[in-house]
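A.B. asks: no sequence for this one, just the structure:
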């Protein structure tokens, strides 16, 4: 069954809608401090996830708070492995203290995009996870051709979970439209729901130019920093659970 995930623990103050989002999702991708969040926010978000029986995933990024983790960085392999293990390990400790655990890893922002586009980055991400705990699944973007990604993950004995983005526009090549371009972020709940229905019923998602992308998807993402996130997760959840 298709699950619904959301990137959480990223915003503060009135912008933080995590308490309104959490009841409608299956998986929470919790920011680990390098692009957003802090120890107390991580602890609070884990508590909220436990209250709603939501599966917890680590959402690590490049060390880039200034750009919210959305700027590519060139790091030595050893440094990137250390950054990933530091973030995942911190969330694991917070989870352990609350009697729960991290189930998967979903990189954030530029690191996620780089992982999809550059095999050497995916190798490094997989190695970092495998050395820490190879029972953790790795969430990557579902693409019409994921064979290379699958082959790399298998070298590290990692399970992949494939996701599609309910609230992001797609290019014809199956990758996401860059956020600085038109149609990158979607906020209309009916438009988003129509895309979700097509994905569930036909395993297809339409690109910005109406190209049909055939995708094998395990989980569906809505971004927690989308201003329409609460309405989107509620609309999608209500339909999935009809």
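C.D. replies: Right, received. Where do you want to start? Quick caveat, the model's predicted, so the values are computed rather than measured.
A.B. asks: hey, let's count contacts and neighbours off CA atoms from now on
C.D. replies: OK.
A.B. asks: Not counting sequence-adjacent ones, nearest residue to residue 132?
C.D. replies: Counting by CA to CA, 6 or more residues apart in numbering, residue 132 lies nearest to residue 85, which is 6.8 Å off, once chain neighbours are set aside.
A.B. asks: And residue 134, by the same measure?
C.D. replies: Excluding the flanking residues, the one nearest residue 134 by CA to CA, 6+ apart is residue 158, at 5.9 Å.
A.B. asks: these two touch, right, that neighbour and residue 140?
C.D. replies: No. Taking contacts as CA atoms under 8 Å, residue 158 lies outside contact range of residue 140: 11.9 Å.
A.B. asks: distance of the closest residue to residue 52 other than its chain neighbours from residue 81?
C.D. replies: Distances taken as CA to CA, 6+ apart place residue 23 nearest to residue 52, at 6.0 Å, with adjacent residues excluded. In this structure, residue 23 lies at 33 Å from residue 81, with CA to CA, to the nearest Å as the measure.
A.B. asks: Kindly report the same for residue 100.
C.D. replies: Applying CA to CA, one obtains 24 Å for the distance of residue 100 from residue 81.
A.B. asks: contacting residues around residue 161?
C.D. replies: Residue 161 makes contacts with 137-140, 217-219, as judged by CA atoms under 8 Å, 6 or more residues apart in numbering.
A.B. asks: Wait, a strand at it?
C.D. replies: Yes. With DSSP: H, G, I helix; E, B strand; the rest coil as the criterion, residue 161 is assigned to a strand.
A.B. asks: confidence score at it?
C.D. replies: Residue 161 is assigned a predicted lDDT (pLDDT) of 98.
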